[in-house]
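Trainee: Fold the following for me, if possible:
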Amino acid sequence: MSEDVSHNDFSIELFPPKGPKGRARLESALAELGGLNPAFFSVTFGAGGTTRSGTLDTVELAMDITGRPAAPHLSCIEGTRESIEELLDNYKAAGVSRIVALRGDLPEGMEKPGVFNHANELVSFIKERHGDDFHLEVGAYPEFHPAAASPETDIDNFVRKVRAGADSAITQYFYNADAYFNFVDEVAARGIDVPIVPGIMPINDFGQISRFSAMCGADIPRWVRQKMEGYGDDTASVRAFGRELVYNLCEQLLAGGAPGLHFYALNKAEPTATLWHDLKLPGTDNKAA
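Mentor: Sure thing, here's the model as predicted:
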């Protein structure tokens, strides 16, 4: 691993839980994840506003349990300038200082987003209304967004988001470090130098990760898929191989200059905490503030 990662940002993503059992599981996970002292937690936002209140509730829960900052996802799917402005005011009142601004996935039957068609428009709106009140994260796609007309178009879209006022970016997860480094080089050639933090998806359940990847366009290398499928129902071997694979990916990214890592925890503590300890990341032995 890179010898000095003390100035890097390591963060964790959650989603709003469903029902009392889901909330109890998340509270338990937060009690452990908070001890890792991440730079912040991010909380996803459901399409069409389905988890609008859940996002704020989960942001407040994460901050209350861990004492760490939390960043809600905000989507163009919201629909109106007024509803987005209301959300921003609510987040500011709740002590939120970071927002992840995204276009969002269109619900089935919806042909285009609400008042904003693209994330750069949302970023511009937030900057106009709130200036530097919020640190703005945007999404990045090292293997390119599946809806983009071409890789060049996807790079253009990313550049527009940064020039609109984004402060940094978090990538979709991937398992090929070269895709990340190539993306960083391409946007750097366009004069973009904001931190681009790799998204990391631990592999605990290969079937689940395979389904996620099919939906979001993340590539699973053929050799990885064949090895995982070869394990069949041997869960212990799947998890051991997944742990080693993702650990090596993280080490390669950090050694190559990645400014941090963003872990997709799926509201579970163990897979992310295991990697965090394996990598000896800053804050590993700290308690939540």
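Trainee: and the end-to-end length of stretch 190-204?
Mentor: Between the start and the finish of stretch 190-204 there is a gap of 37 Å, counting by CA to CA, to the nearest Å.
Trainee: 51 is where my numbering starts, stick with that
Mentor: Fine by me, first position is 51 from now on; the one you just mentioned is stretch 240-254.
Trainee: pLDDT (mean, whole number) over that stretch?
Mentor: Mean pLDDT, taken over the full extent of stretch 240-254, equals 96.
Trainee: distance between it and the chain's centre?
Mentor: For stretch 240-254, the gap between its own C-alpha mean and the chain's C-alpha mean amounts to 9 Å (CA atoms, centre = their mean, to the nearest Å).
Trainee: for stretch 252-265, same thing?
Mentor: Per CA atoms, centre = their mean, the centroid offset for stretch 252-265 relative to its chain is 16 Å.
Trainee: Buried ones in that stretch, by neighbour count?
Mentor: Neighbour-count burial for stretch 252-265 flags Pro252, Ile253, Asn254, Asp255, Phe256, Ile259, Phe262, Ser263 (criterion: 16 or more other CB atoms under 10 Å). Using the backbone N, CA and C atoms, a C-beta is placed for each residue, glycine as well.
Trainee: Show me the strands in the stretch 151-300 of the chain, by range?
Mentor: With DSSP state E, counting those that start in this stretch, the ranges of strands along the stretch 151-300 of the chain come out as 185-190, 218-223, 246-250.
Trainee: Which residues lie in contact with the residue lying closest to Arg153 once chain neighbours are set aside in this structure?
Mentor: By the measure of CB to CB, 6 or more residues apart in numbering, the closest residue to Arg153 outside its immediate chain neighbours is Ala169, 4.5 Å from it. Contact criterion CB atoms under 8 Å, 6 or more residues apart in numbering gives Cys126, Ala151, Leu152, Arg153, Val188, Gly189, Asn207, Lys211 as the residues in contact with Ala169.
Trainee: again, 6 Å this time
Mentor: Contact partners of Ala169, counting by CB atoms under 6 Å, 6 or more residues apart in numbering, are Ala151, Leu152, Arg153, Val188, Lys211.
Trainee: Need those residues in a markdown table (columns: neighbour count and pLDDT).
Mentor: Formatted as a markdown table, the entries for the contacts of Ala169 read as follows, by neighbours: other CB atoms under 10 Å; pLDDT from 0 to 100:
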| residue | neighbour count | pLDDT |
| --- | --- | --- |
| Ala151 | 30 | 94 |
| Leu152 | 21 | 91 |
| Arg153 | 22 | 82 |
| Val188 | 27 | 97 |
| Lys211 | 27 | 96 |
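Trainee: Please flag which of those residues sit within helices.
Mentor: When DSSP state H is applied, the contacts of Ala169 are split such that Lys211 fall in helices.
Trainee: Could you dump the contacts of Ala169 into a markdown table with distance to Ala286 added?
Mentor: Supplementary listing: those in a markdown table, determined by distance: CB to CB, whole Å:
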| residue | distance to Ala286 |
| --- | --- |
| Ala151 | 40 |
| Leu152 | 36 |
| Arg153 | 39 |
| Val188 | 38 |
| Lys211 | 42 |
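Trainee: Closest one of the contacts of Ala169 to Lys71?
Mentor: Taking CB to CB as the measure, Lys71 sits nearest to Leu152 out of those, at 27.8 Å.
Trainee: rewinding a little: ok, so of the buried residues of stretch 252-265, who is nearest Phe65?
Mentor: Compare each of the buried residues of stretch 252-265 with Phe65 using CB to CB and the shortest gap goes to Phe262, at 12.3 Å.
Trainee: ok, back up a step: of the contacts of Ala169, which is the nearest to Ile220?
Mentor: For these, the residue nearest Ile220 by CB to CB is Val188; the value is 7.8 Å.
Trainee: on that earlier part again, between the strands of the stretch 151-300 of the chain, which gets nearest to Lys277?
Mentor: Nearest to Lys277 among these is strand 218-223 (18.4 Å), distances taken as CB to CB.
Trainee: between the longest helix along the chain and strand 218-223, how big is the angle?
Mentor: Here the longest helix in the chain is taken by residue count, with DSSP H as the criterion, and it is helix 285-305. Computed by axes from the mean of the first three to the mean of the last three CA atoms, to 10 degrees, the angle separating helix 285-305 from strand 218-223 equals 150 degrees.
Trainee: Show the low-confidence segments of this protein, by residue range.
Mentor: For the chain, the stretches with pLDDT under 70 are 51-57, 96-103, 128-129, 155-164, 333-339.
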